[in-house]
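J.: coords below, sequence missing:
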């Protein structure tokens, strides 16, 4: 599957599983050679794992492309539609 499909799959899983008032852990498993370990932006293809408060894996996505630290900040916020 391509990167775009995997990113959509990840966002859909998070929207379906994350409920208000609960604690979740968002784990990003970077490759050992990734730039984040040297103070640079991510340039690997990390595995994303969503876990509940007891540590049980709820969702695991591979192949979603580079990690953007802001990708989890916008969950729960209403999507804005831009008028053309």
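T.: Yes, it's here. All of these numbers come straight from a predicted model, not from anything done at the bench.
J.: all contacts plus neighbour counts: C-alpha atoms, from now on.
T.: Will do.
J.: any idea how far residue 65 is from residue 45?
T.: 5 Å (C-alpha to C-alpha, to the nearest Å).
J.: check which helix or strand covers the residue most central in space within the chain.
T.: Against the mean C-alpha coordinate of the chain, by C-alpha atoms, centre = their mean, the closest residue is residue 48 at 5.4 Å. According to DSSP states H and E, residue 48 maps onto strand 47-52.
J.: so what are the sheet partners of that strand and their directions?
T.: strand 24-29 (antiparallel), strand 57-61 (antiparallel) (DSSP bridges).
J.: run through who's touching it.
T.: 14, 23-30, 57-64 (C-alpha atoms under 8 Å, 6 or more residues apart in numbering).
J.: make it 10 Å
T.: 10, 13-14, 17-18, 22-31, 56-67 (C-alpha atoms under 10 Å, 6 or more residues apart in numbering).
J.: re earlier: which residues do residue 45 and residue 65 both contact?
T.: With C-alpha under 10 Å, 6+ apart as the test, residue 45 and residue 65 both reach residue 3.
J.: turn the strands paired with strand 47-52 into CSV, columns for distance to residue 6.
T.: Listed next are the strands paired with strand 47-52 as CSV, based on distance: least, C-alpha to C-alpha, whole Å:
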stretch, distance to residue 6
strand 24-29, 15
strand 57-61, 7
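J.: which among these is found nearest to residue 4?
T.: Smallest distance to residue 4 across those (C-alpha to C-alpha): 12.0 Å, for strand 57-61.
J.: how about TSV for the strands paired with strand 47-52, with distance to residue 40, mean pLDDT and mean neighbour count added?
T.: Conversion of the strands paired with strand 47-52 to TSV gives the following (distance: least, C-alpha to C-alpha, whole Å; pLDDT from 0 to 100; neighbours: other C-alpha atoms under 10 Å):
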stretch	distance to residue 40	mean pLDDT	mean neighbour count
strand 24-29	16	91	15
strand 57-61	23	94	15
